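Engineer: Need coordinates for the following:
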Amino acid sequence: MPLTPNPNSDSNSGLTPDALRNPDATLGELRGAIREALAPKYGEREATAMARVILTTLKGWELPLLLANEQRTAGQAITARCADIVGQLLRDVPLQYALGQTTFYGLKLKVGPGVLIPRPETEELVDLIVKENLQPDLRVLDLCTGSGAIAVALARNLPFSKVTAVDVSPSAIAYARENAATLKTSVELKEADVFSLSLPPEEFDIIVSNPPYVCESEKSGMDPNVLSYEPSLALFVPDDDPLRFYHRIATMAADALKTGGRLYFEINPLHATELRSMLEAEGFGEVELIKDVHGKQRFAKAVKR
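Structural biologist: Below you'll find the predicted structure:
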């Protein structure tokens, strides 16, 4: 049997993955077993973090509560679910897919195969929009919405806003619809291709998009769990036309935004300067490139003159 862990310690060095098959294992033993099973593939630090996320998510607890209750028996259902999740992670399934959910801007969103996992950088984009747009009753359009992360977060944080979200993928729209309903937000969802989409003139105060922007040539530097499981449709653009989504959206926004309306993008830092020039050529003013917390030019914003 695995050793009993110290609830105040992450060492658990005597544990083995046997706890993943033992319904009588304690939560502490189970956490150590998860970490030990994942460490050879992911490294000790990431495996430790994954073990914490798995158990706090399954139990619905914050970490201090988990640590305070590590002597409690995990139970068969939790043990079996952990074993299943570990098996998926060892096959490169993203942790968020294995759990069926992720946290974005303080909200729990359902995610899974067929929808892009929202990144922390996109939370920065939402935070920028929320802090810059304090007036009520804004009309907001989110293009390439994916799981609905941006749309739902803005609907929750922009007072009395009317948010519309668009994506070409039926799977993405299904996730976005469920997330909007679960979080009790009123988001109008449309399944449409931005390249054939028609928008009414002078309709929106804000248009935001986190479109596909990773060039095909960048695939070699990406993790296998992204390449094997997340939808290519939501990630990649051709090397010879990296701004294809931005150009199309900017052209639509030039008509669909109200005068003084704002356009926000998450962008590929490799093409930031080119994107700024394109926005200026489209007639937008106050074009600004903004760095993320890692110091990369990750966002662009502009104002319709």
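Engineer: Which residues does stretch 123-139 contact?
Structural biologist: By Cβ atoms under 8 Å, 6 or more residues apart in numbering, the surrounding residues in contact with stretch 123-139 are 104-105, 149-150, 153-154, 157-162, 164, 203-206, 208, 210, 258, 262, 264, 266, 290, 292-293, 298-299, 301. Just so you know, the C-beta spots here come from the backbone N, C-alpha and C atoms, and that holds for glycine as well.
Engineer: Quick one: buried ones out of these?
Structural biologist: 104-105, 149-150, 153-154, 157-158, 161-162, 164, 204-206, 208, 210, 262, 264, 266, 290, 292, 298-299, 301 (16 or more other Cβ atoms under 10 Å).
Engineer: which residue ranges form the strands in the stretch 201-305 of the chain?
Structural biologist: Counting by DSSP state E, counting those that start in this stretch, the stretch 201-305 of the chain has strands at residues 204-209, 214-215, 236-237, 257-266, 284-291, 297-304.
Engineer: what lines up beside the fourth one in the sheet?
Structural biologist: For strand 257-266, the paired strands and their directions (DSSP bridges) read strand 204-209 (parallel), strand 297-304 (antiparallel).
Engineer: and that strand with strand 284-291, angle?
Structural biologist: Angle, strand 257-266 to strand 284-291, by axes from the mean of the first three to the mean of the last three Cα atoms, to 10 degrees: 20 degrees.
Engineer: Now for Asp92, how many residues are close by?
Structural biologist: Burial of Asp92 is recorded as 14 neighbouring residues (other Cβ atoms under 10 Å).
Engineer: excluding its backbone neighbours, what's nearest it?
Structural biologist: Asn225 (4.4 Å; Cβ to Cβ, 6 or more residues apart in numbering).
Engineer: Of all the residues in stretch 86-104, which ones are buried?
Structural biologist: 86, 88-89, 93-99, 102, 104.
Engineer: Quick one: end-to-end length of it, please.
Structural biologist: 23 Å (Cα to Cα, to the nearest Å).
Engineer: Likewise for stretch 193-207?
Structural biologist: End-to-end for stretch 193-207, by Cα to Cα: 16 Å.
Engineer: sorry, back to before: which stretch among the strands of the stretch 201-305 of the chain comes nearest Ser198?
Structural biologist: Comparison of the strands of the stretch 201-305 of the chain against Ser198 by Cβ to Cβ identifies strand 204-209 as nearest, at 13.6 Å.
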